[in-house]
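1. sequence below, structure please.
(chains A, B and C)
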Amino acid sequence: MTFDLDLIISFLPDIVRALGVTILLWIAGSILGIILGFVIAVLRRYGSRTVDLALLAPVELIRGTPFLVQVFLLYYGGPFIGLSLDSITAGLLGLTIYGAAYYSELWRSGFIAIPKGHIEAAQCVGLNRRQTLRRIILPEMTMLLLPSMVNMTILMLKETAILSIISVPELTLAVSALGTKYYAFVEGFAILALVYWALVEACSAMGRYAESRLSKYRFAAT
Amino acid sequence: MSWKLFWLLVEASRLTIILSAVSISIGFLLSSVVCAAVMSGNRTARMAGKLFVSFFRGTPLLVQLLLIYYLLPQIGLNVPSEVAAIVGMSLCTAAYQAEILRGGFASVPKGLVEAANMCGFSPAATFRRIRLPIAVQLTIPALTSEAIMMLKSSSLVSVVGVIELTRMAQDLAASTYRPLELYAAAGFVYLVINIVVAALGLGLERRMSWGRL
Amino acid sequence: MTDTPAIKVEKLVKRFGKNTVLDGIDLIVPRGQVTCLIGPSGSGKSTLLRCIALLEEANEGFIEIDGEPLGFSSGDFGERNRLPAAQTRKVRSRIGMVFQQFNLWPHMTALGNVAEALVTVRGMARKDAEERAMAQLSNVGLRERAGHYPSELSGGQQQRVAIARALALDPGIMLFDEPTSSLDPELTGEVLNVMRDLAQSGMTMLVVTHEIGFAASVGSKIVFLDHGKKIVEGKPDEVFGKPRHERIEQFLDTYLDRGAATLL
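-> Next up, the predicted model:
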């Protein structure tokens, strides 16, 4: 087997399109997951006990089962309960739900980690509940949660590769298809790994940069 | 869905458990080496260790599995797909566990090591009696999560033709045309396994709970 | 031997980056007495203690323990020659250290903490080591707490265990690095009492402390540091008696609640 550069160049448009799908799914899934996760966390913290318990079950179900099984259930099982989705929609929905469960736990840990005294101090100077959330809790949480949020978002990118199994036309599927066509699996998957690696490193570098920019808001030593 | 089908899933989960347990164990041994390299004074070893951790944490396990599955025969190793699966999973979890261990050692308070120095401990004795036991205790929760993560990730080896829990559910779903029930049942089996592992981890944590630092 | 001081420090300089923390310190710690290092936060007193324990390596200068060089020996032309680790360990074994944060090993009981080095370092049988450890715990009044883990002990009790741990190794010199600074005020008494008993038994002690009352009553020598320099040194009545050095006066003003009120 020889390394054929021209061959690679001729695939480039396909690959770039597939990379676009991967990145789009990743970013959309992460953003929707973060938002949905936040809603779940707020409902569980400030809602009634029934709400908390009602949300605990699905979150733990998602966190306790493989993403692949969830995607299979949604994509192949969905039509039996009237939920016929094309692969991209199913993939994005699956990724969002999966991400929301994990992000909601991160948000929850953030709520718990903020010292009660900070909230009491906010109430003492007259901030109401909404102002406290917006001006005190959220900014403090951004700093606290940034590293774990970046980690989770990196995990989301890696999980998008799994969507190739339900034939979402993303990067891993595109490379697999080329591999099958030219029987060049090893080269293909090696390059694929490098692409993911570069994306992950870029994302964590961005996270580190943001963290260093925010470091002046670090909790003061007591 | 009949009990017979469900029982087939339970039987297939045995392979899921074996693959995960073997990979986690091999991964732990490997991670000790990687962690030692990352923490060592040797620059080359440190770089190699960091590169290993970065690569296997920075790429999807699915891609790693596919790469290894196709790579092994090309370098003359015609092994069953179960072995390829174990190789892939072990390497991946080794990177995560190495990072967990490194974090554990980094969290051992400096003062405890200084106290050992003042009591005349040799570096080896300090490691064996102070740093190692404390690091292990600190990392048990993270290692438990990693074990659960690997159990879930083992579903990916279904794509390289290993008939474990997920692949069995897939095959049965195709033949019975009942994907909803079968994937739900498979999820349930994973959940039960993970609850057991989480409980074991919690028990271990409690048994080693000589208190907080 | 009686002429050699327990600790002799010569022209010690320690820098952290561009920051000079110790600026040419000379210090003599006489045998069988309590020497107290006092001074404002950041004056370098803890760093000096940590240099004497070789937990920090000084950039310049020499330290002698019982007349033997620690860490570096002085060459013919005053240059510093690094001594082998084994020599360092041997000399350091004469020093016991008590830390501000206790630093008890959390995975061992009080008894285990005290017995550990006897087994691991001295090679004693576990049973003999525990017997000796138990005797040490009795001395600090913690016999019935021997089976407790550090997390089950109060701060004062933890610090007393830490003192027993250091004493079990039979050191000739005890260093105390702000031993009561992380304790609740009502718990400092029990630790200071143990230290007072130890001083009465004739132990050589070097104590970094903010407890001015303790320093004035137990110390036989007071050394006042500021900005990495030794400002005043002498017997308590010389240092605290009037007329005082202007810097001591300022310092005492800020430490009224630490027993300094009696001195004013």
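
2. can you list the residues of chain B near chain A?
-> Counting by CB under 8 Å from any CB of the partner chain, the residues of chain B lying close to chain A are B:54-55, B:57-64, B:66-67, B:70-71, B:74, B:148, B:152-156, B:158-159, B:166, B:169-170, B:173, B:179-180, B:183-184, B:186-187, B:190-191, B:194-195. Where C-beta positions appear, they are placed from N, C-alpha and C, glycine not excepted.

3. helix, strand or coil for residue C:27?
-> Classification of residue C:27 using DSSP: H, G, I helix; E, B strand; the rest coil returns strand.

4. what about the residue lying closest to it once chain neighbours are set aside, how many residues close to it?
-> Once flanking residues are discounted, residue C:27 sits nearest to residue C:9: 4.0 Å by CB to CB, 6 or more residues apart in numbering or on different chains. Applying other CB atoms under 10 Å in any protein chain shown, we find 22 residues neighbouring residue C:9.

5. quick check: phi and psi at residue C:9.
-> phi -120, psi 130 (degrees, to the nearest 10).

6. looking at it, it is touching residue C:22, isn't it?
-> No. Contact between residue C:9 and residue C:22 fails when scored by CB atoms under 8 Å: they sit 9.3 Å apart.

7. any shared contact partners between the two?
-> Listed as contacting both residue C:9 and residue C:22 by CB atoms under 8 Å, 6 or more residues apart in numbering or on different chains are C:48, C:51.

8. hang on, isn't residue C:167 packed against residue C:135?
-> No. Residue C:167 is beyond contact range of residue C:135, at 9.9 Å (criterion: CB under 8 Å).

9. higher neighbour count, those two?
-> residue C:167 (20 against 14).

10. which pLDDT value belongs to residue C:2?
-> According to the prediction, residue C:2 has pLDDT 57.

11. how about residue A:216?
-> pLDDT, residue A:216: 69.

12. what of residue A:219?
-> Value for residue A:219, per-residue pLDDT: 65.

13. ok, residue C:251 next?
-> So residue C:251 comes in at 85 (pLDDT).

14. name the SS class of residue C:101, please.
-> coil.

15. ok, back up a step: return the set of residues that bridge with the residue nearest to residue C:27.
-> Going by DSSP bridges, residue C:9 is paired in beta bridges with residue C:27, residue C:63.

16. ok, back up a step: sort out for me which of the residues of chain B next to chain A are in helices.
-> Among those, the members found in helices (DSSP state H) are B:54-55, B:57-58, B:61-64, B:66-67, B:70-71, B:74, B:148, B:152-153, B:166, B:169-170, B:173, B:179-180, B:183-184, B:186-187, B:190-191, B:194-195.

17. going through those residues, which ones are buried?
-> B:54-55, B:57-58, B:61-64, B:66-67, B:70-71, B:148, B:152-153, B:166, B:169-170, B:173, B:179-180, B:183-184, B:186-187, B:190-191, B:194 (16 or more other CB atoms under 10 Å in any protein chain shown).

18. if we can go back for a sec, for chain C, tell me which of the residues of chain B next to chain A show up nearby.
-> Near chain C, by the rule CB under 8 Å from any CB, you find none of the residues of chain B next to chain A.

19. quick one, helices of chain A?
-> A:5-46, A:49-64, A:67-72, A:87-113, A:116-124, A:129-131, A:138-160, A:171-182, A:185-213.

20. what's the most buried one of the ones you listed?
-> Mean neighbour count (mean count of other CB atoms under 10 Å in any protein chain shown) peaks for helix A:67-72 among the helices of chain A, with a mean of 25.

21. can I get that one in CSV, CA atoms only?
-> C-alpha atoms of helix A:67-72 as CSV (Å, rounded to 0.1, in the frame of the first residue of the first chain):
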residue,chain,number,x,y,z
PHE,A,67,-24.3,6.8,24.5
LEU,A,68,-24.4,4.3,21.7
VAL,A,69,-27.3,2.4,23.2
GLN,A,70,-29.2,5.7,23.7
VAL,A,71,-28.6,6.6,20.1
PHE,A,72,-29.8,3.2,18.9
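
22. contacts for that helix?
-> Residues contacting helix A:67-72 (CB under 8 Å, 6+ apart): A:62, A:90-91, A:94, A:97-98, A:159, A:162-163, A:165-166, B:152, B:155-156, B:158, B:166, B:169-170, B:173, B:179, B:183, B:186-187, B:190.

23. any idea how far the nearest residue to residue B:148 once chain neighbours are set aside is from chain C?
-> Among residues not flanking residue B:148 along the chain, residue B:194 sits closest, at 5.0 Å (CB to CB, 6+ apart). Residue B:194 is 28 Å from chain C, where distance means CB to the nearest CB, to the nearest Å.

24. from memory residue B:194 sits against residue B:154, does it?
-> No. With contact defined as CB under 8 Å, residue B:194 and residue B:154 do not form a contacting pair (11.4 Å).

25. residue ranges with poor pLDDT in the chain?
-> Using chain A. Across chain A, the ranges flagged by pLDDT under 70 are A:1-4, A:7-8, A:216-222.

26. try again with chain B
-> Ranges of chain B meeting pLDDT under 70: B:1, B:210-213.

27. near chain C, which residues of it are found?
-> Selection of chain B residues close to chain C by CB under 8 Å from any CB yields B:109, B:111-112, B:114-122, B:125, B:129-130, B:133-134, B:137, B:208, B:210-213.

28. among the residues you listed, which are located in helices?
-> Those of the residues of chain B next to chain C lying in helices (DSSP H): B:111-112, B:114-118, B:125, B:133-134, B:137.

29. give me the residues contacting the host helix or strand of residue C:238.
-> Using DSSP states H and E, residue C:238 falls within helix C:236-240. For helix C:236-240, contacts defined as CB under 8 Å, 6+ apart pick out C:215-217, C:219-220, C:222, C:224, C:232-233, C:245, C:248, C:252, C:263.

30. try 6 Å this time
-> Here helix C:236-240 makes contact (CB atoms under 6 Å, 6 or more residues apart in numbering or on different chains) with C:216, C:219, C:222, C:232, C:263.

31. host element of the third one?
-> For residue C:222, the enclosing helix or strand under DSSP H and E is strand C:221-226.

32. quick one: distance of that strand to the chain centre.
-> Centre-to-centre, strand C:221-226 and its host chain are 14 Å apart (CA atoms, centre = their mean, to the nearest Å).

33. need the CA coordinates for that strand. PDB is fine.
-> The C-alpha atoms that make up strand C:221-226 are tabulated as PDB, following Å, rounded to 0.1, in the frame of the first residue of the first chain:
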ATOM      1  CA  LYS C 221      16.400  34.100  74.400                       C
ATOM      2  CA  ILE C 222      14.300  36.200  72.100                       C
ATOM      3  CA  VAL C 223      15.300  37.000  68.500                       C
ATOM      4  CA  PHE C 224      13.300  39.600  66.700                       C
ATOM      5  CA  LEU C 225      13.300  39.500  62.900                       C
ATOM      6  CA  ASP C 226      12.000  42.000  60.400                       C
END
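
34. re earlier: buried residues in the helix holding residue C:238?
-> C:236, C:239-240.

35. since that was my last question, I'll sign off now.
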